[in-house]
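Asks: Need coordinates for the below:
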Amino acid sequence: MKNWLLLLCIVSVLGCVSYAEEARVILDENSVKNLHLETAETEETTFEETIFALGHLDILPGRKAVVSSRIAGRAFSVLALPDQQVDEGDELVWVESRQPGDPPPTIMLPAPMSGLIAKVDIAQGQPISPEQALIEIVDLTQLEASAQVPEHLAGRLQKGQTARIRLPGFPGKVIEAKLAHMGAYADEKSGTVEAAFHIPNDDQLSLRPGMRAEFSIVTASRENVPVVPKAALQGEGGNRFVFVKDFELPNAFVKAAVVIGESNDKYVEVVSGLLPGDEVVSEGAYALSFAGGGTTSLKEALDAAHGHEHNADGSEKKDAKGGEDDHDHEHEGEGKVTANGWTELTTLFALSTGILLVLLALVSWKRNPSRD
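Replies: Numbering: from 1, shown residues only. Now for the predicted structure:
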């Protein structure tokens, strides 16, 4: 009995050692640079609950005008050009009437509003009829961003709520706007309700109607909520974890399991698993997750993270012609990912477990001295 208990103690301690090795990843300085790792502190902040929706940009109601002629005739002179900025009253087209005269009577068609000429459907000498739309002018100084919100979430929306709007055509650009109005009807086919936001177009009128948009609409907020950046969270389902920077060893990161709550476009709420001030890997955590087994090389971690092959030193692998593959990033230096360290918490856990098992073995042996 005594021998079996001692063997159990040894196996338990070795299990703690194995767990500690798997939980920690240690890199050298070059490996940290090649993986582009960045950290951020776990903090308690105001957490905003959001609704995510897709949509597009459109022209504001009343910001589009069509130019037509009230008389039949022919285009004597066309001054308007597509994509031309015009002011209200500018000359666009001169129309020569079909009525007899020497010379025939002419009229000038002015710009009814200031804006950008979107369409010109008339050429010089072309016949004109009153029902014909000749020129289309749009005012793009302000646009309407329309979000298609799922109908089961539409009840959480209120006029005046803030949305962060991102445009795939402008990476990194975030526009904040207030909810102006909601659609009168729901779309039966898509099961969505329109939520409209008015946004300025001051950046040299670079935004255009029809552009796709992503919306994070803030519906509520809570104070003093522990959060980490969304990019720090790894894993799936109930197996979620982050990498925490070691307090003692340089370039060492510990895999920490976390329980999460709500998430928005920026942060994830952490219910348990972290303390305020813990530094988590906020950029490069996905690549680092491939280096958590203790034997994964820098090459393997970079290959898995970036989807293409690298050399053993982390640099780009050259093709047969001697040139580097066409990627938009570079890696340098040499590094090997290892896992050979313990955190203070893991060490304490291992020692405590070992001591408890030894005490249990001694107590059992004293109670049964005759059984070996």
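Asks: contacting residues for Cys177?
Replies: Heads up, residue 177 is Ala, not Cys. Ala145, Thr162, Ala163, Ile165, Phe197, His198, Ile199 (CB atoms under 8 Å, 6 or more residues apart in numbering). Yep, even glycine has a C-beta here, placed from its N, CA and C like the rest.
Asks: Tell me which entries of those lie within strands.
Replies: Of those, the ones assigned to strands by DSSP state E are Ala145, Thr162, Ala163, Ile165, Phe197, His198, Ile199.
Asks: Would you list the buried entries among the residues you listed?
Replies: Among the ones in strands among the contacts of Ala177, those classed as buried by neighbour count (16 or more other CB atoms under 10 Å) are Ala145, Ala163, Ile165, Phe197, Ile199.
Asks: What's opposite the residue nearest to the fourth one when sequence neighbours are not counted in the beta bridge?
Replies: In other words, Phe197. Distances taken as CB to CB, 6 or more residues apart in numbering place Ala177 nearest to Phe197, at 3.9 Å, with adjacent residues excluded. Using DSSP bridges, the bridge partners assigned to Ala177 are Ala163.
Asks: distance of the residue nearest to Pro168 when sequence neighbours are not counted from Leu27?
Replies: The spatially closest residue to Pro168, leaving aside those adjacent along the chain, is Arg212, at 5.6 Å (CB to CB, 6+ apart). Taking CB to CB, to the nearest Å as the measure, Arg212 and Leu27 are separated by 38 Å.
Asks: Which one of these two is surrounded by more residues?
Replies: When neighbours are counted by other CB atoms under 10 Å, Leu27 comes out ahead of the other of Arg212 and Leu27, with 23 against 12.
Asks: can you tell me how far that one sits from His198?
Replies: Relative to His198, and taking CB to CB, Leu27 is found at 48 Å.
Asks: mind showing which ranges of the stretch 201-350 of the chain have poor pLDDT?
Replies: Under the criterion of pLDDT under 70, the regions of the stretch 201-350 of the chain flagged as low confidence span 203-205, 291-307, 310-350.
Asks: Break down it into its helices, ranges please.
Replies: Across the stretch 201-350 of the chain, reading from the start of the chain, the helices by DSSP state H, counting those that start in this stretch fall at 285-289, 298-306, 344-367.
Asks: what packs against the first one?
Replies: Contacts defined by 3 or more CB pairs under 8 Å, 6 or more residues apart in numbering; DSSP states H and E place helix 285-289 against strand 234-236, strand 239-245, helix 298-306.
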